[in-house]
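K.L.:
Sequence unavailable; structure follows:
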């Protein structure tokens with residue numbers, strides 16, 4: 001009985017899920033990184049530790065491993081030499097150093113929605129060309145997931161199309177647009193650096209013998225092209241039909257809605273999900289912003305005092321560091337200053353702020369005629385806060401459905417299996433386990449609606465006055 005492994009390289013640690021050919025989970029594990037995320041060797045060390053954990057849970061399943069797929073944070077970029085070794089620390093998904101390059105890119109190629117912004121892979125590549133002393137030795141540029149796949153297989157210079165969208169790839173055609181190639185020539189960037197694009201689930205290569213021995217897996221194990229972490233979460237959540245929506249509540253907030261065709265514009269862009277697309281965007285706000293103000297134990301304790309049906313009346317926009325991507329394009333903004341509130345009120349107000357941001361994100365999709373049907377499926381660490389889930393239902397004025405197994409690693413495992421067991425859409429029609437559904441409360445939803453409109457009007461006006469940037 002073959003098994004399939006999904007690996008999620010998250011922002012704080014690595015997760016692994018092993019499934020059998022009946023799509024049942026036979027082993028799973030989550031481990032913190034043994035060192036700083038910017039060091040790529042840490043990703044490999046984490047996978048070795050993960051393998052050791054999973055093999056103890058299911059030695060027979062591990063020996064039957066047929067294929068692996070890996071997801072990682074979008075736009076975490078790693079410059080590599082001719083041997084595929086890193087030339088320095090990774091430029092993380094949230095890295096904002098490429099401000100000047102992003103400004104130039106916005107002026108010269110405004111149509112490149114997915115590749116816009118200082119955090120995009122394309123802006124980072126332009127920054128490397130101008131500022132990195134190792135640039136003359138640069139041979140490959142890899143994203144997090146495809147660099148690990150390249151290490152396992154020894155095949156460099158290729159990547160899944162989802163990760164390449166922020167480098168300017170035309171995902172539908174699997175090619176780089178002429179406008180991009182022209183810009184790179186102007187910027188004196190070697191076009192040979194651009195990775196070859198693979199569809200998600202396409203064979204990347206076979207695991208090298210040395211890595212097969214290190215991980216104690218069969219020598220014929222195939223590595224298949226992965227995806228970004230938010231797309232993997234969508235696969236795990238079972239998104240398969242137009243109108244389904246997913247919020248990933250992790251260190252940052254990512255939203256996705258299944259749509260019939262690609263959409264680009266107004267700060268939105270499309271990933272690919274089999275025959276359909278995932279239209280969405282990501283805010284820099286999220287769990288990382290909360291950790292600026294509270295420890296994890298504090299948040300657990302404070303959750304019991306939340307009042308999901310009673311708005312605090314505060315309008316706060318929490319960010320972990322300077323810069324917001326969506327629904328505001330505000331690269332220089334540090335977010336709201338936090339007034340001296342009682343700790344319980346401050347915690348509730350910040351969670352309300354995250355929920356108002358989420359509601360604003362979905363509103364922009366609906367304004368672009370992208371329909372949202374049914375409950376907002378929800379995954380990520382934030383879903384453990386059940387009072388917040390009720391608050392989200394009230395603010396979004398839609399049912400919130402918490403998915404029990406929305407782990408991106410499960411999505412990657414399903415992706416690894418899809419080539420052998422049927423199209424991705426077929427696998428996704430399975431019914432994912434639901435932990436709980438939270439329905440909006442009529443009176444509370446009405447009260448929160450007033451504050452949501454005030455929130456949006458306030459921060460749109462503030463950005464117009466104080467940020468020299470476009471609002472999407």
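P.N.:
Perfect, I can see it now. Note that the coordinates shown come from a computational prediction; the quantities given were computed from them, not determined experimentally. Numbering: from 1, shown residues only.
K.L.:
I'd like the average pLDDT over stretch 100-112.
P.N.:
The average pLDDT within stretch 100-112 is 91.
K.L.:
so how far is that stretch from its chain's centroid?
P.N.:
Offset of stretch 100-112 from its chain centre (C-alpha atoms, centre = their mean, to the nearest Å): 23 Å.
K.L.:
what residues are up against the nearest residue to residue 76 once chain neighbours are set aside?
P.N.:
Nearest non-adjacent residue to residue 76, counting by C-beta to C-beta, 6 or more residues apart in numbering: residue 144, 4.3 Å away. Where you see a C-beta, it was placed from the backbone N, CA and C, and this is true even at glycine. By C-beta atoms under 8 Å, 6 or more residues apart in numbering, residue 144 lies in contact with 9, 43, 72-73, 76, 78, 90, 163.
K.L.:
among those, who's most crowded?
P.N.:
residue 163 (32 neighbours; other C-beta atoms under 10 Å).
K.L.:
which SS class is it?
P.N.:
Secondary structure state of residue 163, per DSSP: H, G, I helix; E, B strand; the rest coil, is helix.
K.L.:
ok so, going back, what's the closest of the contacts of residue 144 to residue 382?
P.N.:
Taking C-beta to C-beta as the measure, residue 382 lies nearest residue 73 of the contacts of residue 144, at 16.8 Å.
K.L.:
how far away is the closest one from residue 125?
P.N.:
17 Å (C-beta to C-beta, to the nearest Å).
K.L.:
Kindly report the same for residue 265.
P.N.:
23 Å.
K.L.:
of the two, who's got more company?
P.N.:
Between residue 265 and residue 125, residue 125 has the larger neighbour count (other C-beta under 10 Å), namely 26 against 10.
K.L.:
Contact partners for that one?
P.N.:
77, 141, 167, 189, 193.
K.L.:
can you pull the pLDDT of it?
P.N.:
Confidence for residue 125, expressed as pLDDT, is 97.
K.L.:
what comes up buried for the strand or helix carrying it?
P.N.:
Secondary structure from DSSP states H and E places residue 125 in helix 121-131. Across helix 121-131, burial judged by 16 or more other C-beta atoms under 10 Å covers 121-129.
K.L.:
which one of the contacts of residue 144 is nearest residue 271?
P.N.:
For those, the nearest to residue 271 is residue 163 (9.7 Å; C-beta to C-beta).
K.L.:
And the closest one, how close does it get to residue 144?
P.N.:
From residue 163 over to residue 144 the distance is 8 Å, taken as C-beta to C-beta.
K.L.:
my guess is residue 137 meets residue 83, correct?
P.N.:
No: Residue 137 lies out of contact with residue 83 (C-beta atoms under 8 Å); the separation is 10.4 Å.
K.L.:
Counting neighbours, go ahead and name the busier of the two.
P.N.:
Each of residue 137 and residue 83 has its neighbours counted (other C-beta under 10 Å); residue 137 has more, 13 against 8.
K.L.:
Contacts only, for that one.
P.N.:
If a contact means C-beta under 8 Å, 6+ apart, then residue 137 has 81-82, 87 as its contacts.
K.L.:
Residue 366 and residue 372 touch, don't they?
P.N.:
Yes: assessed by C-beta under 8 Å, residue 366 is found in contact with residue 372 at 6.2 Å.
K.L.:
so can I have JSON lines of the contacts of residue 137 showing secondary structure and distance to residue 449?
P.N.:
Shown next, in JSON lines, are the contacts of residue 137 (DSSP: H, G, I helix; E, B strand; the rest coil; distance: C-beta to C-beta, whole Å):
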{"residue": "81", "secondary structure": "coil", "distance to residue 449": "55"}
{"residue": "82", "secondary structure": "coil", "distance to residue 449": "57"}
{"residue": "87", "secondary structure": "coil", "distance to residue 449": "51"}
